[in-house]
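S.K.: Sequence first, then the predicted structure:
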Amino acid sequence: MPDHSCGGAMGVVGVVLLLLLLPPWVEAVVSLPNLEFNAALGQIPHASSYYKFDLNPILDTKYVPGNAIDGLVMQTSWWSSGSIDENVFFQVNFTAESPIISKVVVRWHGYLAAKTYAVKTSYSGYDATFVVFNTFENVSPAWDRVDTVVPWSNSSVKFNFLRLEIQSPVQCNPNITVRCDNRRLASDQGPIYGIREVEVWAASQKSGAHASRVGSMAASVLVVLLVSL
């Protein structure tokens, strides 16, 4: 009978050589810019303080930091800043490394908006490690003002902490602002800032699994085929 083992082996070698000539597999990441999501939802809120209504103990636990990342844009769910003499900030602590952020949306409560503030990020969370995402200035005292803050450059930086460092309040206009005279009460019984929601937006991405080189696959094919001969 004719010996076909040599021909079979040559065929196997040919298949392996063809596989080795193919380009290696790489991880594919496909950006889906039209499918953005709010990465702040489900994260851990933190703030310099929250305002305590000393004359109404029931409200002392109402305007806590968690209200500003609960996804509820309503008058009954907002965070209020605390003491007038503090360095006010609101912070989102991510439970894992953040995605690449395209914008931060700040929804202020009523007339309690900031005139100037900075959005900063950090990988470690230590004060000295925060870098500027962007600064923002808006003098408008409009009711329920909404700001959209984009990175100052095409940033691809990822982080674990995002902080709003609030620097100064808007000057309220009594002609268009409700209860302007109560913005800063002498008895310190009025909040200085109020945020309904901080939204940290990122584009959805679809990532391929990490793949080995085709050479490794070729070696596996060679072993299988040789065993079958």
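M.R.: The structure has been received and is ready for your questions. Here the structure is a predicted model, which is why all the values come from computation and not from measurement. Numbering: from 1, shown residues only.
S.K.: Just name whatever secondary elements the lengthiest strand in the chain is in contact with.
M.R.: Determined from DSSP state E, the single longest strand within the chain is strand 194-207. Counting contacts by 3 or more Cβ pairs under 8 Å, 6 or more residues apart in numbering; DSSP states H and E, strand 194-207 packs against strand 29-38, strand 79-80, strand 89-93, strand 101-108, strand 161-169. From N, CA and C alone the C-beta is placed, and that goes for glycine too.
S.K.: For Thr116, find the nearest of the ones you listed.
M.R.: strand 161-169 (4.5 Å; Cβ to Cβ).
S.K.: Show me the helices in the chain, by range?
M.R.: 5-21, 214-228 (DSSP state H).
S.K.: which one of those has the lowest average pLDDT?
M.R.: Note on the helices of the chain: lowest mean pLDDT is at helix 214-228, with a mean of 45.
S.K.: Give me the below-cutoff pLDDT ranges for this protein.
M.R.: Where the chain drops to pLDDT under 70, the residues are 1-34, 52-61, 82-84, 154, 172-191, 205-229.
S.K.: so what's Phe161 up against?
M.R.: Contacts for Phe161 (Cβ atoms under 8 Å, 6 or more residues apart in numbering) come out as Gln91, Val92, Asn93, Phe94, Thr121, Ser122, Tyr123, Ser124, Gly125, Phe130.
S.K.: typo on my end, Thr116
M.R.: Residues near Thr116 by Cβ under 8 Å, 6+ apart: Thr135, Phe136, Glu137, Gln167, Ser168.
S.K.: Write the PyMOL selection for whichever of those are buried.
M.R.: PyMOL command restricting those to the buried ones, with burial defined by 16 or more other Cβ atoms under 10 Å:
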select buried, resi 136+167
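S.K.: quick check, nearest of the contacts of Thr116 to Ala202?
M.R.: Nearest to Ala202, judged by Cβ to Cβ, of the contacts of Thr116 is Phe136 at 18.8 Å.
S.K.: who does the closest residue to that closest one other than its chain neighbours bridge with?
M.R.: Leaving aside its chain neighbours, Phe136 sits nearest to Val149 (5.1 Å; criterion: Cβ to Cβ, 6 or more residues apart in numbering). Here Val149 sits in beta bridges with Val104, going by DSSP bridges.
S.K.: Is Val149 in contact with Asn138, as I believe?
M.R.: No: the pair Val149 / Asn138 is not scored as a contact, 10.0 Å apart, by Cβ atoms under 8 Å.
S.K.: How many residues are close by Trp79?
M.R.: Neighbourhood size, Trp79 [other Cβ atoms under 10 Å]: 26.
S.K.: For the closest residue to it other than its chain neighbours, which residues are in contact?
M.R.: The shortest distance from Trp79 to any non-neighbouring residue, by Cβ to Cβ, 6+ apart, is to Ala68 (4.0 Å). Contacts for Ala68 (Cβ under 8 Å, 6+ apart) come out as Pro45, Trp78, Trp79, Phe90, Ile195, Arg196, Glu197, Val198.
S.K.: try 10 Å this time
M.R.: 40, 45, 47, 50, 77-80, 90, 92, 106-107, 109, 164, 194-199 (Cβ atoms under 10 Å, 6 or more residues apart in numbering).
S.K.: Good, wrapping up.
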